[in-house]
Structures are given as C-alpha cells and as structure tokens.
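Q: predicted structure and sequence below. I'll ask about it afterward.
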Amino acid sequence: MNRTPSFSIILLTGIVMSMVTIFPIKQMVYAHTFSGDESAAFLALVRQIEAELGLVNSNLPSNITLAQEHAERATEHLDANTTKELAERNERVTNDLTSGLSDLQTSLNAQPIPATQVINDKVANVNATLQDAIVARIEQDQLSNSTVNALAINDILGEVLEHYGAAYGIEEHGEEDNNQTGITDNTTETAAGQNTTSIINLAEYQSAQSIANQSKQMLNDIKTLAPSNASSNISNVENGINEMVVAINNKLPFSAVDEIVDDKVLPSLKAAFNLTQLLEE
C-alpha cells in the first residue's frame, strides 16, 4: 500500500531536481538579450580586430614594431565589458579568444621573435576563434538581419574616419555620429590634389586602410540581404566605398575622405537599408 506513494514521491523529486539543474543554466546563458545595435557593434568590433590581425601578418617580418602595435590594438578592442557579455554566451570561446590574443602579443614581444609562420598560425587561430565568438554572441536571426549588418557597416565607417584622422594628427572634438564627425581637418590640398601634410602616424594610417577594406567585404556579404528595390542605392554605396578606399590609398586630405563618406556612402547606405530613422534616434 505504501509503495506507490513512495515511488511517486521519488519520481516527482527527480523531475524537480532535473528542472532545477537545467533551467538555471539556460537562464544564465541567455541572461542578456542583446539588441540589434549591440549586435551590430559586436560585428564591427570583430571586423576591427580582424583588420588589426591582418596588419600583424603584413608587417612581418619587415617591421616588427608595427606588427607589435597592431597586435596590441587588436587586444585592446576586446575590453572588459565585451568579454563579460561574450562570456554570458560562451565562456570557453571567451577564454580562447583572450588567451589567443595574449599569446600573440607575448610571442611578438619575445626575444628572439618566433618564425613568421608561427605568428601567422597564431593569427589564424585567433581569427577562427572570432568566428566562433560571432556564432556564440549573436543570434542567427540577427546575423541574417540586413539592418543589423548595415548598422555594423555604419559603425565601421566611423572607425575608418577616426583612424584616418588620427594618422594626420587630427583630433575629435567629442562624440558625434557619422554625419558630423566633430573633426577639424588641418591638412590642405594643392591644385594637383596632393596632400601638403604628411602622415604622422603610420600605424593609424594602416588601420584606416585595413578597416576600409573590411567595409568593402562587409557590403559584399550583405548585398543579398538588401530589399529588392535597393539595387541602385547598393551600387552607390559600393562605388562610394571604393572611392573612399582609393582616396585613403592615395593619402588624400582627411576632408576629402570625410566628404566621400558623408555625402556619398552614408546617404545611400541609409536609403538602401532604411536606417535613416534608426541613426537619427
């Protein structure tokens, strides 16, 4: 007579314990629901790290100092808040990413510096972990969302201008959006279109170049996500980004690059992906 109640109690206890074990883990993993803006910022951040890692490789073995600086910049992009948010989703990936970047820096500062292929392999490992971080950190529906990806391009264009201005020693006057950079251009241009002020920070210039090229790839990646009626605006964005890249490669004044971004790239990007209201909020 007492066996049935005892069995029921044991069974119920087991179910409750299973629920207690399972649900807190899920709640911990999904404790923070990231907005589209936050996901866009993370995508842009990954692209910046990738750009800096590419410059580590391209500066080896001819300029160790620049390679070291770009490795340091890649590490600095992964700040405490970013790692905290990533760890909410996947602690292992977070640890792999931070340790990978730290190991890369340590290797570049070692005496003697490891062979170039060893550094290249370390860079490749970090890049692979960055892809894992994207999957862990961003929901699939946001990864395939055209607005999120277009906002990431908008963020990247701001980074291009910031680094290009810094390459000339031009400082920002406060936080502004990409329509009003808050940057004063002290460079001048001759009748032949030559910049009369030289690049004073080569690392910043290289970062601007590399991140600008990242923006090209980002646009290529999301062309198929654009609305069907946006083809003309997409072409304008593509042409504008290509013009920006050429202008940076030719070291045109900051004002020329800023004008391309503000007058040619951003208006078409906003129109193509309906970003106008989002960026004005």
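A: It's in. If you're wondering where the values come from, they're calculated on a predicted model, not measured in any experiment.
Q: and what about Val126, helix, strand or coil?
A: Counting by DSSP: H, G, I helix; E, B strand; the rest coil, the backbone at Val126 sits in helix.
Q: one more: Ile200?
A: coil.
Q: quick one: it and Ala167 touch, right?
A: Yes. Contact criterion CB atoms under 8 Å: Ile200 and Ala167 qualify, at 7.1 Å. Placement of C-beta: from N, CA and C, glycine included.
Q: tell me which of those two has more neighbours.
A: Higher neighbour count among Ile200 and Ala167: Ala167, with 23 against 12, using other CB atoms under 10 Å.
Q: where does Leu252 land in three-state SS?
A: Counting by three-state DSSP, the backbone at Leu252 sits in coil.
Q: pLDDT score for it?
A: pLDDT for Leu252: 97.
Q: quick check: buried residues in stretch 103-119?
A: Leu104, Gln105, Leu108, Ile113, Ile119 (16 or more other CB atoms under 10 Å).
Q: nearest to Ala272, of those residues?
A: Taking CB to CB as the measure, Leu104 is the one of these closest to Ala272, at 36.6 Å.
Q: make sure Ile170 is indeed in a strand.
A: No. Ile170 sits outside any strand when classified using three-state DSSP, being coil.
Q: ok, it touching Val257?
A: No. Counting by CB under 8 Å, Ile170 does not reach Val257; the two are 10.9 Å apart.
Q: what comes up buried for stretch 252-270?
A: Neighbour count says stretch 252-270 has 252-258, 260-262, 264-270 buried, by 16+ other CB under 10 Å.
Q: so how far is Leu108 from Ile156?
A: Distance, Ile156 to Leu108, by CB to CB, to the nearest Å: 25 Å.
Q: also Ala272?
A: 40 Å.
Q: hang on, the earlier thing: shared neighbours of Ile170 and Val257, anything?
A: Common contact partners of Ile170 and Val257 (CB atoms under 8 Å, 6 or more residues apart in numbering): none.
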